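[1] starting from these lines, generate the structure:
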Amino acid sequence: MDEATMADNNPRYPVRVLLVDDQRMVGEAVRRMLLDEPSWIYQYCQHPGEALATAEAFQPTVILQDLVMPGIDGLSLVDSYRTNPLLKDVPTIVLSSQEEPLVKADAFSRGAHDYLVKLPDRIELLARIRHHSKGYIHLIERNEAFRALDESQKVLAAELSEAADYVRSLLPEPLAGSISVRWDFESCSSVGGDSFGYFWIDDDHFAIYLLDVCGHGVGAALLSVSVINTINGQTLRDVDFREPDRVLERLNDVFDMERHNDMYFTIWYGVYNRHSANLRYATGGHPPALLYAAGNPEPQQLVTPSMPIGTMLDMSYKVKDVQVEDGSRLYVFSDGVYEVQVNNEEMTLDDFIPLLSSPIDHLNGLLSIRDEVAKLQGFDQFEDDFSLMEIQFSISA
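    Next up, the predicted model:
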């Protein structure tokens, strides 16, 4: 099937020809020219005053417009087509007995798509009709595709928003007391895979964790939710949640990326013993947590270099211990808090640390840190989730 035949056999959008001409014999002549095109639909309008209404109702793919008619100039109708929302893109071929260059130029300047001296040869007329109709039908189909894409994007945006709201609903409430916890979380526009939590394992041991699933979207959010439910519910078999290395090793077994759509995640997991003031921690490919001793502007970076969770089976994860002094502050975060573009260069952890080096005022809370990073990058929306926890230890309280 050649291209012309394919264009003529579009069941959704057949070629629809409207002729506006006051001479009935021209209308009949054009009708006869189109007889051998059975899939085409032809409409004749003899009265120019009815041309707009006829065109709106008929929805042509091309308009054949006579130039000289009683009571109205054909080019005035061309003007009207171009300003009519329903007809402005419909190709218009001017039919005229005049062949003067100035008349042709005027027709094109008014919005005509083509100009033929009537009556043209049948083969030429059919070729022009087919050519202009094909272009217009393609325009209709493209606009439909854009509308469908826009609708699907709206649906996706709503789903992403719903996923972000659900992830946020699972985050714990801020905590006050001898261990106080505040946090700031802002999901990126496409929903990332950040989540975090903290809970008492028993009377002496307090668990703290933050994870970041690779990629964005609903899939990342779902995996993130699955992991936090596993940790919060302490459902890992044969695991003591007071042992960070064992927790990470078991998570690595359960959430093998080959069984989870090739998605993996990084994590920082620590357990604070309030009796001994000892903090045990392990990390899986995650940025270090920062521990600030009271009055010390230089943090201790808490990290155990290792692979992200799910990337390699039978991984072992190292654990470290640190003593926590009274009045210390611990910051746990995802890389989304600092991996932003500043002056065409990516901000580093070393660039971010000074923002945390003095106690954050309690009026603005951690939001002031996010505001500062947003100012540095020049806009409020982050390309990745912004997740930042502050844990304060008041051992003497």
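[2] quick one, helices of the stretch 51-200 of the chain?
    51-58, 74-83, 101-109, 122-170 (DSSP state H, counting those that start in this stretch).
[3] mean pLDDT lowest where, among the ones you listed?
    Among these, helix 122-170 carries the lowest mean pLDDT, at a mean of 86.
[4] just to revisit the earlier point, turn the helices of the stretch 51-200 of the chain into TSV, including distance to I179.
    From N, CA and C alone the C-beta is placed, and that goes for glycine too. Output for the helices of the stretch 51-200 of the chain, formatted as TSV (distance: least, Cβ to Cβ, whole Å):
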stretch	distance to I179
helix 51-58	72
helix 74-83	70
helix 101-109	77
helix 122-170	20
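[5] need the ones you listed in JSON lines with distance to P297 and mean neighbour count, can you?
    Listed next are the helices of the stretch 51-200 of the chain as JSON lines, based on distance: least, Cβ to Cβ, whole Å; neighbours: other Cβ atoms under 10 Å:
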{"stretch": "helix 51-58", "distance to P297": "73", "mean neighbour count": "17"}
{"stretch": "helix 74-83", "distance to P297": "68", "mean neighbour count": "18"}
{"stretch": "helix 101-109", "distance to P297": "72", "mean neighbour count": "13"}
{"stretch": "helix 122-170", "distance to P297": "32", "mean neighbour count": "14"}
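[6] of those helices, which is nearest Q301?
    helix 122-170 (27.3 Å; Cβ to Cβ).
[7] what's that closest one packed up against?
    Applying 3 or more Cβ pairs under 8 Å, 6 or more residues apart in numbering; DSSP states H and E, we find helix 122-170 packed against helix 3-8, strand 16-20, helix 24-33, strand 62-66, strand 92-96, strand 114-117, strand 193-200, helix 218-232.
[8] how big is the angle separating that helix from strand 16-20?
    On the basis of axes from the mean of the first three to the mean of the last three Cα atoms, to 10 degrees, helix 122-170 is oriented at 120 degrees to strand 16-20.
[9] any idea how far helix 122-170 is from the chain center?
    Computed by Cα atoms, centre = their mean, to the nearest Å, the chain-centroid distance of helix 122-170 equals 16 Å.
[10] do the same with stretch 57-75
    With Cα atoms, centre = their mean, you get 44 Å for stretch 57-75.
[11] list the buried ones in it?
    For stretch 57-75, the neighbour count (16 or more other Cβ atoms under 10 Å) marks 58, 60-67, 69, 72, 74-75 as buried.
[12] nearest to N232, of these?
    With Cβ to Cβ as the yardstick, the closest approach to N232 among the buried residues of stretch 57-75 comes from T61, at 61.0 Å.
[13] wait, what's in contact with the closest residue to the closest one other than its chain neighbours?
    Spatially, and ignoring its direct neighbours in sequence, T61 is nearest to S133 (3.9 Å; Cβ to Cβ, 6 or more residues apart in numbering). S133 sits next to A7, V15, R16, V17, T61, V62, P91 when contact means Cβ atoms under 8 Å, 6 or more residues apart in numbering.
[14] please tell me how far the fourth one sits from P299.
    Translated: V17. 77 Å (Cβ to Cβ, to the nearest Å).
[15] how about the second one?
    Summarising the geometry, the distance separating V15 from P299, computed by Cβ to Cβ, is 73 Å.
[16] can you check L95 too?
    From L95 over to P299 the distance is 81 Å, taken as Cβ to Cβ.
[17] comparing those two, which residue is more hemmed in?
    Remark: of L95 and P299, L95 carries more neighbours, 23 against 19, as counted by other Cβ atoms under 10 Å.
[18] quick check: phi and psi at the nearest residue to that one once chain neighbours are set aside.
    Excluding the flanking residues, the one nearest L95 by Cβ to Cβ, 6+ apart is K118, at 4.2 Å. When read as degrees, to the nearest 10, the backbone of K118 gives phi -90, psi 150.
[19] count the neighbours of K118 for me.
    Residues near K118, counting by other Cβ under 10 Å, number 18.
[20] state the pLDDT value of it.
    At K118, pLDDT is 87.
[21] could you measure from it over to I93?
    Per Cβ to Cβ, K118 is found 10 Å from I93.
[22] same thing with N10?
    N10 is 20 Å from I93, by Cβ to Cβ.
[23] when those two are compared, which one has more neighbours?
    Neighbour count, other Cβ under 10 Å: between N10 and I93, I93 has more, with 22 against 15.
[24] is it correct that the more buried one is in contact with H131?
    No. Applying Cβ atoms under 8 Å as the test, I93 and H131 come out as separate, 9.9 Å apart.
[25] F185: neighbour count?
    Look at F185: counted by other Cβ under 10 Å, it has 19 neighbours.
[26] let me know the pLDDT of it.
    90.
[27] cool, and H216?
    H216 is given a pLDDT of 78.
[28] returning to that earlier point: okay if I get the contacts of S133 as TSV plus pLDDT?
    Shown next, in TSV, are those (pLDDT from 0 to 100):
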residue	pLDDT
A7	53
V15	95
R16	96
V17	97
T61	96
V62	97
P91	96
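[29] okay if I get those as a markdown table plus distance to E390?
    What follows is those, written out as a markdown table (distance: Cβ to Cβ, whole Å):
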| residue | distance to E390 |
| --- | --- |
| A7 | 65 |
| V15 | 68 |
| R16 | 67 |
| V17 | 72 |
| T61 | 65 |
| V62 | 68 |
| P91 | 65 |
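[30] domain parsing for the chain?
    Following the assignment in automatic domain parsing, the chain carries domains at 3-143, 171-393.
[31] tell me, how many residues neighbour the closest residue to G285 other than its chain neighbours?
    In space, and not counting its chain neighbours, G285 is closest to P308: 3.4 Å by Cβ to Cβ, 6+ apart. The local packing of P308 (other Cβ under 10 Å) involves 21 other residues.
[32] next, the contact list for P308, please.
    Contacts for P308 (Cβ under 8 Å, 6+ apart) come out as C214, Y264, F265, T266, I267, G284, G285, H286.
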